[in-house]
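Chemist: Return a 3D structure for these sequence lines:
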Amino acid sequence: MSNGVRFQALPNIPEITCGDNLSAIIGTALAEAGLTLTETSIVVVAQKIVSKAEGRLVDLTSVCPSPRAQELAKITGKDPRMVELVLSESSAVLRAVPGVMIVRHRLGYVMANAGIDQSNLPGNEQSHQALLLPLNPSASARELHTGLAVGHGLGPGIIISDSFGRPWRNGAVNIALASAGIPALIDQRNGQDRHGRVLQHTLVAFADAVAAGAGLVMGEAGEGTPVALVDGLRPTAPLVDATALLRPAESDLFQ
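Modeler: Below you'll find the predicted structure:
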């Protein structure tokens, strides 16, 4: 796939606010860092700045918890207003125990708290604000792909990433919420291994693997580097976006 891969956090990304043009901001940061896009470039963008640019910030003082939210808040120990937001973004609650609320998000992700977050929000010391996922992350990824193509002559691969926990494993890693311009899932079934054996089950979560690698240079706390440039990876496989990574509910054994 490649003889060498480089993951580099992009410096000088400012605090993002509602209405900001992320393509232009990333393009400026690339230029200031002396970086150029190539035919193997993939730009990994943290979901949080996409949500900020799209105005997905909610003031909790405006949220009125429903009876269901109040019931789940007692079970989980969470703020009833946060629980109400989680319910509004979810199609099903899969698990609710003290400190934990696992849901199926309206877009199909199985995740904690519907991806709603309160960290790294300026002026949120009193925890009165919460940030939701983008309304349509796939459309957001396509917009970034097109926007960077306009400014640079070619559209880099785009991954919008978020940190997820995993069944049977402690800790969180970055995964691809959405993608554009890359094969997010590579189907190697019916190919052969080194010894000629036909592969029967090999599906490579390419976008998740790239997002996880980018997460190492982007950081998970207060680093302030929500964009990474990845070079050296552009597999020759059919383009498919990150919705292909979602396991259908009927075959989800971890619920």
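
Chemist: SS state for the closest residue to Leu35 other than its chain neighbours?
Modeler: Excluding the flanking residues, the one nearest Leu35 by CB to CB, 6 or more residues apart in numbering is Leu229, at 6.0 Å. From N, CA and C alone the C-beta is placed, and that goes for glycine too. Assigned by DSSP: H, G, I helix; E, B strand; the rest coil, the conformation of Leu229 is strand.

Chemist: Now do Leu229 against Pro183, distance only.
Modeler: 19 Å (CB to CB, to the nearest Å).

Chemist: now do Gly19
Modeler: Distance from Gly19 to Pro183, by CB to CB: 32 Å.

Chemist: repeat for Ser91
Modeler: Applying CB to CB to Ser91 and Pro183 gives a distance of 27 Å.

Chemist: Look at the two and report which has more neighbours.
Modeler: Pro183 (20 against 13; other CB atoms under 10 Å).

Chemist: what are the bridge partners for the more buried one, then?
Modeler: Note on Pro183: beta-bridge partners Val240, judged by DSSP bridges.

Chemist: was I right about it contacting Phe206?
Modeler: Yes. In this structure, Pro183 is within contact of Phe206 by CB atoms under 8 Å, at 5.8 Å.

Chemist: okay, and the common contacts of the two?
Modeler: 235, 237 (CB atoms under 8 Å, 6 or more residues apart in numbering).

Chemist: Any chance of the backbone angles for the closest residue to Ala46 other than its chain neighbours?
Modeler: Nearest residue to Ala46 in three dimensions, chain neighbours excluded: Pro226, at 3.7 Å (CB to CB, 6+ apart). Note on Pro226: backbone dihedrals following degrees, to the nearest 10 are phi -90, psi 10.

Chemist: Pro226 touches Val45, doesn't it?
Modeler: Yes. With contact defined as CB under 8 Å, Pro226 counts as touching Val45 (6.8 Å).

Chemist: I'm done for today, thanks for sticking with me.
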